[in-house]
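>>> quick one: sequence and predicted model below, then my questions.
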Amino acid sequence: MEHVLELNQVSYSYHTKEGETLALSQISFSLKKGEFIAIVGPSGCGKSTLLSLISGLLTPESGTIRINGKPLKESAANIGYMLQKDHLFEWRTIYHNVILGLEIQHMMNIHTIQRANELLELYGLGHFKSSRPSELSGGMRQRAALVRTLVLEPELLLLDEPFSALDYQTRLAVGDDIGQIIRKEQKTAILVTHDLSEAISLGDRVIILSDRPATIAQTLPLTFHLKEDTPLERRNTPEFKQYFNLIWKELNHHGKAIQTASLTD
Ligand code: ADP
């Protein structure tokens with residue numbers, strides 16, 4: 001099966017007046033269609049740099065990145081983002097926020113508008129189409145931000161600490177909610193987080209990065225024996241704790257400045 005994303009021996013350094021900082025070294029991994037991977041690592045190890053390389057904002061110093069078998073530069077693949085801030089505009093209604101990407105990319109047509117309306121209904125935002133972002137809860141706003149991304153039919157979704165601005169209780173509920181939507185839509189996704197619990201509750205695999213320069217310390221496939229495999233159900237399993245301890249140990253072995261959320265924070 002062809003991979004949606006393939007990184008082969010990717011390295012990247014920042015060059016400043018003070019000198020050269022090697023941020024990433026020899027990173028290789030790939031993602032199949034519909035896979036959801038979580039990337040964890042110590043603060044400042046190179047997680048955001050990795051996402052910037054995958055989104056084409058930065059170019060690797062060495063190594064290759066391929067999307068659907070094509071070099072990133074030649075690929076017209078649509079990449080979607082979900083960030084810490086929802087970036088919804090208060091001067092637009094929820095509906096007009098959701099179709100903003102379609103407008104900018106000149107993709108407004110009967111089918112895409114119908115899809116936007118369907119997604120709004122499907123994910124409980126039908127009644128809020130005319131509302132302003134400030135009238136919605138943090139969780140609903142994140143849903144609206146995700147719907148805005150999904151209407152563009154991204155082949156790959158990049159999630160950069162998307163829940164870290166929310167309080168702990170909301171973060172659990174929204175993480176569960178957004179995780180299930182992404183699964184339902186069968187999206188291929190990469191979640192970057194410093195929250196180990198989030199990574200374990202959402203991913204098919206966890207890639208653990210070492211301290212800077214980031215290398216892959218370990219790749220951990222996640223298997224849960226659950227009738228209904230949801231992020232919240234995962235949190236109550238014995239496997240969850242085992243995975244947490246495993247990743248924690250690996251991070252402590254490879255990194256020093258770890259800022260991770262504990263199991264109970
Ligand atoms: P993370 O997302 O894991 O916290 P980053 O990818 O933001 O880490 O940064 C990795 C390292 O690269 C940082 O420790 C920092 O020293 C360096 N770095 C990041 N951005 C720049 C930049 N614009 N110029 C120089 N160095 C940078």
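Looks like it came in fine.
>>> what residues does the chain put near the ligand?
Within reach of the ligand by Cβ under 6 Å from any ligand atom, the chain has these residues: 14, 16, 21, 23, 41, 43-49, 212. (C-beta placed from N, C-alpha, C; glycine too.)
>>> quick one: low-confidence parts of the protein?
1, 254-265 (pLDDT under 70).
>>> if you set the cut-off to 50 instead, what comes out?
Scanning the chain for pLDDT under 50 picks out 257-265.
>>> quick one: contacts for the residue at minimal distance from the centre of it?
Residue closest to the average C-alpha location in the chain (Cα atoms, centre = their mean): residue 159, at 2.1 Å. By Cβ atoms under 8 Å, 6 or more residues apart in numbering, the residues touching residue 159 are 81, 82, 189, 190, 191, 192, 193.
>>> what about the third one, which helix or strand?
The reference is to residue 189. strand 188-192 (DSSP states H and E).
>>> helices or strands next to that strand in the packing?
Judged by 3 or more Cβ pairs under 8 Å, 6 or more residues apart in numbering; DSSP states H and E, strand 188-192 is in contact with strand 36-40, helix 47-54, strand 156-160, helix 196-202.
>>> need the contact partners of the second one.
Defining contact as Cβ under 8 Å, 6+ apart, one finds that helix 47-54 is touched by 5, 7, 10, 12, 14, 23-24, 27, 39, 41, 58-60, 65, 72, 79, 156, 158, 160, 190, 192, 194, 209, 214.
>>> buried members of the residues you listed into PyMOL, please.
The PyMOL selection below is limited to those of the contacts of helix 47-54 classed as buried (16 or more other Cβ atoms under 10 Å):
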select buried, resi 5+7+10+12+23+24+27+39+41+58+60+65+72+79+156+158+160+190+192+194+209+214
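>>> would you turn the residues of the chain next to the ligand into TSV with distance to residue 219?
Formatted as TSV, the residues of the chain next to the ligand follow (distance: Cβ to Cβ, whole Å):
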residue	distance to residue 219
14	25
16	31
21	25
23	20
41	13
43	21
44	21
45	16
46	16
47	15
48	20
49	19
212	19
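>>> mind checking which of these are buried?
Using 16+ other Cβ under 10 Å, the buried members of the residues of the chain next to the ligand are 23, 41, 45, 46, 47, 49, 212.
>>> the residue nearest to the centre of the chain and residue 134, how far apart?
24 Å (Cβ to Cβ, to the nearest Å).
>>> and if you look at residue 140?
Applying Cβ to Cβ to residue 140 and residue 134 gives a distance of 11 Å.
>>> contacting residues for residue 105?
residue 152 are the contacts of residue 105 under Cβ under 8 Å, 6+ apart.
>>> could you look up the SS state of residue 44?
Using DSSP: H, G, I helix; E, B strand; the rest coil as the criterion, the local structure at residue 44 reads coil.
>>> pretty sure it is touching residue 213, no?
No: using Cβ atoms under 8 Å as the test, residue 44 is too far from residue 213 to be in contact (10.8 Å).
>>> check contacts around the nearest residue to residue 153 once chain neighbours are set aside.
Excluding its sequence neighbours, the residue lying closest to residue 153 (Cβ to Cβ, 6 or more residues apart in numbering) is residue 78, at 6.4 Å. Residues in contact with residue 78 (Cβ under 8 Å, 6+ apart) are 152, 153, 154, 155, 156.
>>> put the buried members of those into a PyMOL selection.
Entered in PyMOL, the line below selects the buried ones among the contacts of residue 78, by 16+ other Cβ under 10 Å:
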select buried, resi 152+154+155+156
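>>> ok, residue 193 - how many residues close by?
By the criterion of other Cβ atoms under 10 Å, residue 193 has 25 neighbours.
>>> right, and it touches residue 175 too?
No: assessed by Cβ under 8 Å, residue 193 is found out of contact with residue 175, at 9.4 Å.
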